[in-house]
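Chemist: Sequence and computational prediction follow.
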Amino acid sequence: MSLPFEIRRNPNPRNDAEREAILANPGFGLHFTDHMAVASWTAADGWHESAVVPYGPFMLDPAAAVLHYGQEIFEGMKAYRQADGGVALFRPEKNAERFQRSAARIALPSLDIADFISSVEAVVNVDRAWVPNLAEQSLYLRPFMFASEAFLGVRPAKFVTYCCFASPAGAYFASGLKPINIWITTTYTRASRGGTGAAKFGGNYAASLIAQQEAAYHGCDQVMFADGAERTWVEELGGMNVYLVTTDAELITPELTGTILEGVTRDSILDLAADHGLVPVERRISIQEMLDGIAAGTVTEVFACGTAAVITPIASLQTEHGTFTVGGGETGEVTAALRSALLDIQYGRAEDTRGWLHPVL
Ligand code: COI
C-alpha cells in the first residue's frame, strides 16, 4: 500500500511579494518553500504518519542517534519549469533507487520508489508557485532520512524520520557559470573500498569539508579527491562527478568502483555522448595521466557535473607542483554543447526521446 501525502496547508505562507523577491535572486540553498513532506518509520510499524505539512524545524531529542552517529542520507533533485508552462522532474526514479541503496548502506529503512516519488510530487504540487520561471533556475528538492530515535547504543535506529523540502535555486557556484578552479588534495581522501563513498551519506560531505577549506586556502572553488588506497586515481570532487574530453573524442569519467557517487547527471551525460560524436568511456584514470594530458593538449576540456552543479566547466587543476590550465581557462565547446543539450531536455525545450522527464503539473 502506498503512503498518502495528505496536505496540511501552511496557515502563514509567504505572500506573493515576498516569494517574488526571493525568486528574483534565489542563490543556492538559501530559501525554503512553505511546505515539506514528512513520514515516520518505526521497526514495529514500518512507514506511517506521512503528510505534507508547513515547512518548519523538527523537535529532536538531544539523544537522537543522528546527532551522535550521523545516521543520515539525502538526495538532490530538481523540478524544472517547462517551455509549455508545466513542471517536470528529471529521472526521479534514479534518485529513488539511489536513496534505497544509500539507506541499505547506512542501515536505514527502505522507502518504496513510489512513496519517494509521490512525496516529491506532493511538495512540488503544493508549492508550485515556487518553481522559478527564469532561465537556469529550478526548484531544488532535498529528500532525506535520519535516525530520530533517542538512544546512545551504537546500532541502527528503530525510529527514523523522512522529509522532503524544496528550495528555489540559481547557480550552485556564486560565480555563476564561470569556469571553476580545482585543488587536487594529497592530504585527504574521501572514500575507500567497503566504505560509504557510493552512498549519498551526510558523513561523506562532512569529511570533505576540511579538504574544501584546503582548496579555498589555495584560491580554488572545489577540491578533487584521489582514491583512498593508492592515492593515484581520479575519483570525484567535493560534491560532484568529473569528466574529461580528449582530442580523440573520448568523454572519460572515472569508473564506478563503489567509492564514487553514482551521479544521475553523470549517467545522463554518458547517454548523451554519442549524440555529440563522443565515445563515452568509464575507466580508471590517474591524476598523473590527466595532468600530463592537459599539459600535452590531449585533454582539452574538464568539467564537473551534478544535480546542483549541472555541468560546470573547469578552468584549471592545481597541485603543490603547479597549475594546469585547461583549454585556456575558457568553457570548451563540448562542455557547452553537452550542457545545453542536458538543459534543453530538462526544461522541455528539446524532444525528450529518452523518456527522462516526469511531468508533475
Ligand atoms: C547535488 O548535486 O544535488 C548534491 O547533492 C551535491 C551538493 C554539493 C549540493
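Modeler: Ah, there it is. Computed from a predicted model, the values in this text were never measured in an experiment. Residues are numbered from 1 along each chain as shown.

Chemist: Which part of the stretch 201-350 of the chain gets nearest to the ligand, residue-wise?
Modeler: Distances between the stretch 201-350 of the chain and the ligand by C-beta to the nearest ligand atom are smallest at residue 239, namely 2.6 Å. Every C-beta, even on glycine, is put in place using the N, C-alpha and C of the backbone.

Chemist: Next: the stretch 1-150 of the chain.
Modeler: Taking C-beta to the nearest ligand atom, the stretch 1-150 of the chain has residue 76 as its residue nearest the ligand, at 2.0 Å.

Chemist: That residue reaches residue 309, doesn't it?
Modeler: No. The pair residue 76 / residue 309 is not scored as a contact, 10.0 Å apart, by C-beta atoms under 8 Å.

Chemist: hmm, back to that, okay, the residue of the stretch 1-150 of the chain closest to the ligand and residue 268: tell me how far apart.
Modeler: Using C-beta to C-beta, to the nearest Å, residue 76 is found at 14 Å from residue 268.

Chemist: pLDDT score for residue 214?
Modeler: pLDDT for residue 214: 98.

Chemist: what's the neighbour count on it?
Modeler: 16 (other C-beta atoms under 10 Å).

Chemist: Then residue 32?
Modeler: Look at residue 32: counted by other C-beta under 10 Å, it has 19 neighbours.

Chemist: Am I right that residue 271 is in a strand?
Modeler: No. Read with DSSP: H, G, I helix; E, B strand; the rest coil, residue 271 is helix and lies in no strand.

Chemist: quick one: it and residue 355 touch, right?
Modeler: No. Using C-beta under 8 Å, residue 271 makes no contact with residue 355, being 11.5 Å away.

Chemist: When those two are compared, which one has more neighbours?
Modeler: It is residue 271, of residue 271 and residue 355, that has more neighbours when counted by other C-beta under 10 Å, with 11 against 7.

Chemist: Relative to residue 72, how far out is that one?
Modeler: Separation of residue 271 from residue 72 (C-beta to C-beta): 30 Å.

Chemist: pLDDT weak spots in the stretch 101-250 of the chain?
Modeler: Applying pLDDT under 70 to the stretch 101-250 of the chain flags no residue at all.

Chemist: Quick one: name the residues of the stretch 1-150 of the chain near the ligand.
Modeler: Counting by C-beta under 6 Å from any ligand atom, the stretch 1-150 of the chain comes close to the ligand at residue 76.
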